[in-house]
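Trainee: any chance you can model this:
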Amino acid sequence: MMMESKKVMDSMIYYARKSNFPLLLIYGGKDNLVDKKGCDMIYDNWKNMNKKYVVVANGTHGKSTLLGANHIIKEWINNDKARCNTGRLDVPCYG
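Mentor: Predicted coordinates:
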């Protein structure tokens with residue numbers, strides 16, 4: 001099982017290094033399914049510099065984390081929409 005986990009993580013890092021689009025990574029501080037170290041590695045290796053990493057202190061794995069980050073998610077989406085409305089060709093737009 002340990003080798004399979006390593007293969008999955010290596011694959012995620014490989015794709016993170018190639019991912020040239022914005023990232024909003026949200027982690028629940030009380031998540032007992034996902035190891036935070038894996039999220040740290042993905043964030044650190046993400047190619048695009050337009051990225052944000054949020055830890056929801058009391059969030060578990062799932063709904064409570066999303067509810068706790070609701071305002072952050074809305075802000076992220078609105079900021080991306082604003083970036084798209086600049087008309088500048090040098091500003092990546094994904095909205």
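Trainee: residue 61 and residue 29 touch, don't they?
Mentor: No - in this structure residue 61 lies outside contact range of residue 29 using C-beta atoms under 8 Å: 10.8 Å. All C-beta atoms are positioned from the backbone trio N, CA, C, and that covers glycine.
Trainee: most centrally placed residue in the chain?
Mentor: Among the residues of the chain, the one closest to the centroid is residue 25, at 2.0 Å (C-alpha atoms, centre = their mean).
Trainee: what's opposite that one in the beta bridge?
Mentor: Beta-bridge partners recorded for residue 25 (DSSP bridges): residue 53.
Trainee: what's the pLDDT at it?
Mentor: We note a pLDDT of 97 for residue 25 in this prediction.
Trainee: and for residue 1?
Mentor: For residue 1, the predicted pLDDT is 58.
Trainee: got any ranges where this protein has weak pLDDT?
Mentor: 1, 86-95 (pLDDT under 70).
Trainee: and the strands in it?
Mentor: With strands called from DSSP state E, the chain shows them at 23-28, 51-56.
Trainee: tell me which of those is the most buried.
Mentor: Most buried of the strands of the chain, by mean neighbour count (mean count of other C-beta atoms under 10 Å): strand 23-28, with a mean of 18.
Trainee: check which helices and strands that strand sits against.
Mentor: helix 36-45, strand 51-56, helix 63-68, helix 70-84 (3 or more C-beta pairs under 8 Å, 6 or more residues apart in numbering; DSSP states H and E).
Trainee: let's see it at 6 Å
Mentor: helix 36-45, strand 51-56 (3 or more C-beta pairs under 6 Å, 6 or more residues apart in numbering; DSSP states H and E).
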